[in-house]
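Q: Using only what follows, build the 3D model:
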Amino acid sequence: MTLAIILVIAAALALLLILSISISRGLRISEPASLATRIQAIDVEAFRNLVDSAEDDYLRRRLSTSEFRRVQRLRLRATAAYIRIAGRNAAVLVLIGQNALAAGNAETAEAARRLLDNALLLRRNAAFALFRIQLALLWPNRGLAAAPILHSYEQLSGSAMLLGRLQNPATPVRIAVNW
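A: As a prediction, the model looks like this:
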C-alpha cells in the first residue's frame, strides 16, 4: 500500500515536471539577427477584458451553466494565447536588455536592468499562468487570476519604451497596442 502511494506521488511529480518543461520551451525564442522585429504587439484592452473578473461575473449571470463553461473555455484559450505572446515578447526583451547592459551610459544601463527584471519576472509568471490556465480548462467555473500578468506586461511595456527612447529616440519600441 505504501509503495503504491509513493508511486502515485512520483508519477504526479513527474507529470508536473514534464508540463513545466513543455510550457517553458513554448516560451523560448530563437535568437534572430534583429530582435525588435520579433516583438508582437498585444491588444491590451482585449487582454484586460479577458482577465476582468467583473466580465466573468456578468457572463455567469447572463448565461446558462453549460453555455458559460463553453464561453469560459474559449476565453481561457484566448487568454493563454495572449500570455504566450507576452512570454515570448519578454524573452526577446531579455535579450535586448542584456545587449543594452553593455552600454557605457549609466542611465541606459539602469533602464536595461529594470527591463531585465521586469522581463524575467513576466516570463516566470507567464509559465505559471499557463499552467493554471490548463487546470482552469478542466474546471472553467473557477476564477483565474491572470490580471497580474497584464499588470506585469504593462510595466514591461513602460520599461521597454524607456530603454528604446534612451537608445534610439527616433524609433519607438511598442509591445502593446491600445486601440
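
Q: Give the phi and psi angles for residue 42, as a check.
A: With angles defined as degrees, to the nearest 10, residue 42 sits at phi -110, psi 140.

Q: Run a quick neighbour tally on it.
A: 22 (other C-beta atoms under 10 Å). Every residue, glycine included, has its C-beta placed from N, CA and C.

Q: Going forward, the N-terminal residue is numbered 90.
A: Let's use 90 as the start, then, which means that last one is residue 131.

Q: and the gap between it and residue 92?
A: 49 Å (C-beta to C-beta, to the nearest Å).

Q: what comes up buried for stretch 146-162?
A: For stretch 146-162, the neighbour count (16 or more other C-beta atoms under 10 Å) marks 157, 160-161 as buried.

Q: Including secondary structure and distance to residue 240, could those residues go into TSV?
A: Shown next, in TSV, are the buried residues of stretch 146-162 (DSSP: H, G, I helix; E, B strand; the rest coil; distance: C-beta to C-beta, whole Å):
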residue	secondary structure	distance to residue 240
157	helix	26
160	helix	24
161	helix	22
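
Q: Turn those residues into CSV, including distance to residue 187 and pLDDT.
A: Converted to CSV, the buried residues of stretch 146-162 look like this (distance: C-beta to C-beta, whole Å; pLDDT from 0 to 100):
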residue, distance to residue 187, pLDDT
157, 44, 88
160, 41, 89
161, 39, 87
